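Visitor: for reference, the sequence and a predicted model appear below.
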Amino acid sequence: MPGGRIRILTAKVGLDGHDRGIKVISRALRDAGVEVIYTGLHQTPAQVVEAAIQEDVDGIGISLLSGAHMTLFPEVLRLLRERGAADIVVFGGGIVPADDADALRRLGVDQVFTPGTRLDDIVAYVRRRFEPVAAVPSAPGG
């Protein structure tokens, strides 16, 4: 978190061309003081991981409505591990059945949001997950 500000990369991975939701979420995060880098439509997992590393982000938020979530999320996670960047937190959402969301969480996706999730809940998740822990003052004389 350079300078203490939360940095999130948002992405549309694969052939899904529906970007209204990710743009709304990106703007809500920006309005909440989060630095957001939106990569645009039709990104490959490799492009997303490369951009995340270059931008030194804390997290990657992926929006998928194409049904390819069980392929694309795990590929992003694999590439992050391969590049030594597994500390970058991956979260996202879209049309993801509950069983698949559970499987994605077991694979390492931190949070999966589904249609109908309130923007306030997504912003609260990002703040809670990425805010730095307050420094604990040292004891006097120590």
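Guide: Everything's here; your move.

Visitor: now the helices for the chain?
Guide: 20-31, 45-55, 69-82, 98-107, 119-130 (DSSP state H).

Visitor: for residue 38, find the nearest of those helices.
Guide: Residue 38 lies closest to helix 20-31 among those, at 4.9 Å (Cβ to Cβ). Every C-beta, even on glycine, is put in place using the N, C-alpha and C of the backbone.

Visitor: neighbouring contacts of that closest one?
Guide: 8, 10-12, 36, 38, 61, 63, 65, 94, 119, 122-123, 126 (Cβ atoms under 8 Å, 6 or more residues apart in numbering).

Visitor: how many residues are close by residue 87?
Guide: Neighbour count of residue 87, defined by other Cβ atoms under 10 Å: 7.

Visitor: same question for residue 117.
Guide: Residue 117 - counted by other Cβ under 10 Å - has 15 other residues nearby.

Visitor: and for residue 132?
Guide: Counted with other Cβ under 10 Å, residue 132 comes out at 10.

Visitor: so it sits against residue 58, correct?
Guide: No: counting by Cβ atoms under 8 Å, residue 132 stays clear of residue 58, with 9.8 Å between them.

Visitor: would you agree residue 11 is in contact with residue 64?
Guide: No: taking contacts as Cβ under 8 Å, residue 11 lies outside contact range of residue 64: 9.4 Å.

Visitor: which of these two has more neighbours?
Guide: residue 11 (29 against 24).

Visitor: low-scoring stretches of the protein, by residue?
Guide: Counting by pLDDT under 70, the chain shows low-confidence ranges at 1-3, 133-142.
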